[in-house]
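Engineer: below: sequence and its predicted model.
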Amino acid sequence: MPDHAEPPKPRTASGPASVGAVHQPAGAAGRPAPRRPVDAVLFDFHGTLAQVEDPVGWVLAAATECGTTLDRAKATALADRLVMAGRAGGPAPTRVPPHLAEVWADRDLYEHAHQAAYTGLAATVPTDVDGLPDALYDRVRRPEGWLPYQDTADTLRALRAAGIPVALVSNIGFDVRPLFDAWGLTGLIDAFVLSYEVGRCKPDPAIFLRACGLLGVDPERTLMVGDTPADAGAVRAGCAVLVLPAAEAGLPNGLTAVLDLAHPTPTPTPGPPG
């Protein structure tokens with residue numbers, strides 16, 4: 001499941017995290033800790049570096065792959081129902097049917113559960129397009145089903161040029177590396193920490209600690225960048241956190257703020273009076 005939806009219960013207990021613009025562990029007597037150097041950056045995937053394609057385009061493309069051409073009005077109505085039912089990369093479903101409750105709970109821990117959950121939810125929407133639930137799911141697993149934000153590539157390149165390692169930390173049930181390969185961005189990511197591969201889901205501190213370990217950095221000198229309370233859970237691992245509101249697909253997402261935090265502009269030293 002992409003990160004924008006509510007995460008499933010991790011295999012180890014963890015509590016909720018609060019959200020704000022920038023979070024850092026508190027200093028003595030609850031005072032904010034002084035701003036710390038950033039030696040590494042962890043990024044969420046969905047809603048932070050990329051966004052799923054427009055729902056209507058998603059339905060039209062999947063129907064075409066099934067050999068059916070839908071008019072836009074029908075595709076729009078169908079897309080609305082499918083998003084409400086639960087789209088991978090979209091908001092949490094309004095209701096999870098009892099027969100899908102188990103795979104829904106495990107969707108970010110096992111590949112088979114992720115696929116079964118989202119194809120099962122799509123199958124609850126009546127349609128005369130044979131094979132549409134599977135085609136919709138396949139679309140989300142491919143680069144064509146996503147759009148990196150406008151400032152994603154430039155931000156990652158700037159961090160690489162500055163020698164700051166980067167990890168992707170995502171609650172998800174499939175491999176996103178092929179997406180980054182297609183976008184030409186894989187070489188800018190030093191580690192992929194995916195919940196279904198490591199058996200931990202955000203906000204569990206363990207997934208953030210795993211990412212820091214793979215990068216060989218101290219969590220207290222690491223910045224987590226995301227868009228949900230699950231991402232803000234990195235504070236419990238000792239990281240600072242930048243929470244950005246997710247932008248629409250294809251637009252900038254405010255990622256240049258990461259560069260300001262990683263390389264703050266020095267305050268000029270006052271010269272001698274005279």
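Structural biologist: Yep, it's here.
Engineer: isn't Asn171 up against Ala230?
Structural biologist: Yes - if you go by C-beta atoms under 8 Å, Asn171 and Ala230 touch, sitting 6.4 Å apart. Placement of C-beta: from N, CA and C, glycine included.
Engineer: neighbour count winner among those two?
Structural biologist: Asn171 (31 against 26; other C-beta atoms under 10 Å).
Engineer: now the more buried one: phi and psi?
Structural biologist: The phi and psi values for Asn171, taken as degrees, to the nearest 10, are phi -80, psi 110.
Engineer: and it, how close does it get to Val243?
Structural biologist: Applying C-beta to C-beta, to the nearest Å, the value for Asn171 to Val243 is 15 Å.
Engineer: one more: Pro126?
Structural biologist: 38 Å.
Engineer: and those two? Which one has more around it.
Structural biologist: The neighbour comparison of Pro126 against Val243 (other C-beta under 10 Å) goes to Val243, with 21 against 7.
Engineer: tell me the bridge partners for that one.
Structural biologist: Beta-bridge pairing for Val243 (DSSP bridges): Gly226.
Engineer: what residue spans form the domains of this protein?
Structural biologist: Domain assignment for the chain by automatic domain parsing gives 22-49+149-262, 53-145.
Engineer: average pLDDT for the one helix or strand His114 maps to?
Structural biologist: Assigning secondary structure by DSSP states H and E places His114 in helix 111-123. Mean pLDDT, computed over helix 111-123, is 97.
Engineer: which is the next helix or strand following that helix?
Structural biologist: Sequence order places helix 132-140 as the next helix or strand after helix 111-123, per DSSP H and E.
Engineer: which other residues reach that next one?
Structural biologist: Helix 132-140 has contacts (C-beta atoms under 8 Å, 6 or more residues apart in numbering) with 52-53, 58-59, 61-63, 65-66, 82, 87-89, 115, 118-120, 122-123, 145-146.
Engineer: if anything else comes up later, I'll come back, but that's it for now.
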